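> predicted model, plus sequence, below.
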Amino acid sequence: MLFLIADENFNNDIVRGLLRVKPNLDIVRVQDVGLFSADDPAVLEWAAKENRVLLTHDVATITKYAYERINAGKYMPGVIEITRKVSLGTAIDEILYVAEVCKHGELQGQIIYLPLSK
């Protein structure tokens, strides 16, 4: 199972729902680890050091900085970009699916977009 970190503006209802369904899910929020108001490169750096896949709704800037890390040859454990338009239940189900079926390191250098199907 993947270790996750939720971006600062990630929907906390999703985080709470994830933990309600899977209480032992290893997920932290940016604000819980001292990264409140940190810029995107700092969040990605911390995620890399802690080997955590980043959950985000921010396709505009996180994606850019994630690809910059990859192109610079830096470790990037993965980003899961989920649209805000998806229902809470679908978001929870799809994140849990990815977190449970992927092994550590399997999303390295990748950005995946949820929902997987429309």
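Right, received. Where do you want to start?
> okay, the residue nearest to Ile27 when sequence neighbours are not counted: pLDDT?
With sequence-adjacent residues excluded and distances taken as C-beta to C-beta, 6 or more residues apart in numbering, Ile27 is closest to Leu4, at 4.2 Å. For glycine as for every other residue, the C-beta is placed from the backbone atoms N, C-alpha and C. At Leu4 the predicted local distance difference test score is 98.
> cool, and the one 4 residues further on?
If you check Glu8, the pLDDT there is 94.
> the residue nearest to Ile27 pairs with what?
With DSSP bridges as the criterion, the beta-bridge partners of Leu4 are Ile27, Val53.
> that one: what's it in contact with?
The contact partners of Leu4, taken as C-beta atoms under 8 Å, 6 or more residues apart in numbering, are Leu25, Asp26, Ile27, Val28, Arg52, Val53, Leu54, Leu55, Ile80, Ile95, Ala99.
> for the helix or strand hosting Arg16, list every residue counted as buried.
Per DSSP states H and E, Arg16 falls inside helix 12-21. Of all the residues in helix 12-21, those buried under the rule 16 or more other C-beta atoms under 10 Å are Ile14, Val15, Gly17, Leu18.
> how about stretch 27-46?
If you call a residue buried by 16+ other C-beta under 10 Å, then stretch 27-46 has these buried ones: Ile27, Val28, Arg29, Val30, Leu35, Ala38, Asp40, Pro41, Val43, Leu44, Glu45, Trp46.
> separation between the last one and Ala66?
Trp46 sits 13 Å away from Ala66, taking C-beta to C-beta, to the nearest Å as the criterion.
> ok, the fourth one next?
Here the distance between Val30 and Ala66 works out to 15 Å (C-beta to C-beta).
> what's the longest helix seen in the chain in contact with?
Counting residues, the longest helix found in the chain (DSSP state H) is helix 88-101. With C-beta under 8 Å, 6+ apart as the contact definition, helix 88-101 has outside contacts at 1-2, 4, 11, 13-14, 17-18, 21-22, 25, 53, 55, 80, 82, 86, 107, 112, 114-116.
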